[in-house]
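# quick one, what's the 3D model for this:
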Amino acid sequence: MQKTPRFSRRKAIRGLAATIVVSCPEGRPLPTDSDLVALGNEFDCLAAELDRRIDNGLEIDTGFMQRFDVVEAEILSRDAKTIDGLRVKARAACWALLGDFEDRNQGTLSTRMAMSIIRDLVRSFDPQSERPGAVKNLIGKATSGA
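Purely as a prediction, here's the structure:
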C-alpha cells in the first residue's frame with residue numbers, strides 16, 4: 001500500500017520562499033527591515049515603560065525622553081521596505097493615538113487615507129494594540145476628577 005504524501009506548513013512555506021527568491025529580479029536579495037524592526041521593538045518597550053510611569057505617577061527623566069525621541073526619529077527617517085517595517089510604523093502611530101481610531105475620519109483626504117492604512121495594518125497584524133474608546137474614557141476620567 002502506497003502512502004499518500006502529507007501536506008505540511010513547513011513544506012508550503014519552503015516552497016513559497018523558494019518561489020519568492022526565484023522571482024526576485026537579477027538575483028538581488030529580498031529587502032529587509034531588520035534595523036527598523038529592532039527600533040520598533042525598542043519603541044514598544046519604551047512606550048510601555050512610559051505608559052507605566054505615567055499610570056503610576058512616576059518620574060519621567062530627561063534621559064528617558066531623549067532616548068524615546070531618538071528612537072521615534074529613527075523610525076520616522078527610515079523607509080519601510082516590508083510589511084514588518086510598515087507594522088512598526090503603524091504600531092507607533094497607533095500608540096500615539098492611544099490605540100483609538102474612533103472619530104479619526106476628519107481632516108484632509110491624505111490624513112484620512114493615512115489613518116485608514118494604519119488602522120488596516122493594526123487590525124490585520126497587531127489587533128491587541130487597538131483600544132476603541134480610549135480617548136473618550138481618558139476625557140471622561142479627566143473631567144470627572146478620577
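# identify each buried residue in stretch 72-89, please.
Within stretch 72-89, the residues scored as buried using 16 or more other Cβ atoms under 10 Å are 72, 75, 80, 85-89. All C-beta spots, glycine's among them, are computed from the backbone N, C-alpha and C.
# make that stretch 128-143, sorry
129-131, 135.
# mean confidence for it?
What stretch 128-143 shows for mean pLDDT is 87.
# what does that stretch rub up against?
91, 94-95, 97-103, 122-123 (Cβ atoms under 8 Å, 6 or more residues apart in numbering).
# neighbour count for those residues - can I get that in JSON lines?
Output for those, formatted as JSON lines (neighbours: other Cβ atoms under 10 Å):
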{"residue": "Arg91", "neighbour count": "22"}
{"residue": "Cys94", "neighbour count": "23"}
{"residue": "Trp95", "neighbour count": "19"}
{"residue": "Leu97", "neighbour count": "20"}
{"residue": "Leu98", "neighbour count": "16"}
{"residue": "Gly99", "neighbour count": "18"}
{"residue": "Asp100", "neighbour count": "17"}
{"residue": "Phe101", "neighbour count": "21"}
{"residue": "Glu102", "neighbour count": "12"}
{"residue": "Asp103", "neighbour count": "8"}
{"residue": "Val122", "neighbour count": "22"}
{"residue": "Arg123", "neighbour count": "14"}
